[in-house]
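Asker: let's see this in three dimensions:
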Amino acid sequence: MATPPELPVFENDAKPLKVAQALRRAGAAVVTNVFDDETIERCAAELRPEFEARGKLQENDFNGYKTLRISSVLGYAPASAPLIAAPMVLGVTDRDSQTPLPCLPDR
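Answerer: Predicted coordinates:
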């Protein structure tokens, strides 16, 4: 079995293109300290009731049985809007990036 690539970790001032390239190569990437603790705690508090009520509804062989999943996050957690619209997040997922992510269609 092949050894998976090491998980790349970046500081919050990293170039989004570099993060996108690492994400494409490794399948995941961590960017530290992008959001303040208050925002994270508020989002978690807003999402907790939904995770508890519906988080296991999507359990199956594809999604797995060890994580809780919900959709429509903005509907349950308005505090998550800054996370979704953060410059780092938008920069990494930008469709016009030099290295588009495989999940995004080419333009």
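
Asker: would you map out the domains in the protein?
Answerer: Domain assignment of the chain by automatic domain parsing yields the ranges 1-34+86-107, 36-85.

Asker: where among those is the average confidence lowest?
Answerer: Note on these: lowest mean pLDDT is at domain 1-34+86-107, with a mean of 80.

Asker: what ranges does this protein have for its strands?
Answerer: 9-10, 30-31 (DSSP state E).

Asker: on that earlier part again, can the domains of the chain go into CSV with extra columns for mean neighbour count?
Answerer: Heads up, the C-betas are built off the backbone N, CA and C, glycines and all. CSV is the format used below for the domains of the chain (neighbours: other C-beta atoms under 10 Å):
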stretch, mean neighbour count
domain 1-34+86-107, 13
domain 36-85, 13
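
Asker: how far does the helix ranked longest in the chain sit from the chain's center?
Answerer: Ranked by number of residues, the top helix in the chain under DSSP state H is helix 37-54. The chain centre lies 15 Å from the centre of helix 37-54; the measure is C-alpha atoms, centre = their mean, to the nearest Å.

Asker: equivalent analysis for stretch 56-67, please.
Answerer: That offset, for stretch 56-67, works out to 18 Å (C-alpha atoms, centre = their mean).

Asker: cool, stretch 23-33 as well?
Answerer: The answer for stretch 23-33 is 9 Å, by C-alpha atoms, centre = their mean.

Asker: equivalent analysis for stretch 27-47, please.
Answerer: That offset, for stretch 27-47, works out to 9 Å (C-alpha atoms, centre = their mean).

Asker: also stretch 66-79?
Answerer: With C-alpha atoms, centre = their mean, you get 12 Å for stretch 66-79.

Asker: quick check, Ala20 in contact with Val89.
Answerer: No: contact between Ala20 and Val89 fails when scored by C-beta atoms under 8 Å: they sit 10.8 Å apart.

Asker: how about the residue nearest the centre of the chain, what does it touch?
Answerer: Central residue of the chain (C-alpha atoms, centre = their mean): Val89, 8.1 Å from the mean position. Counting by C-beta atoms under 8 Å, 6 or more residues apart in numbering, Val89 makes contact with 34, 83.
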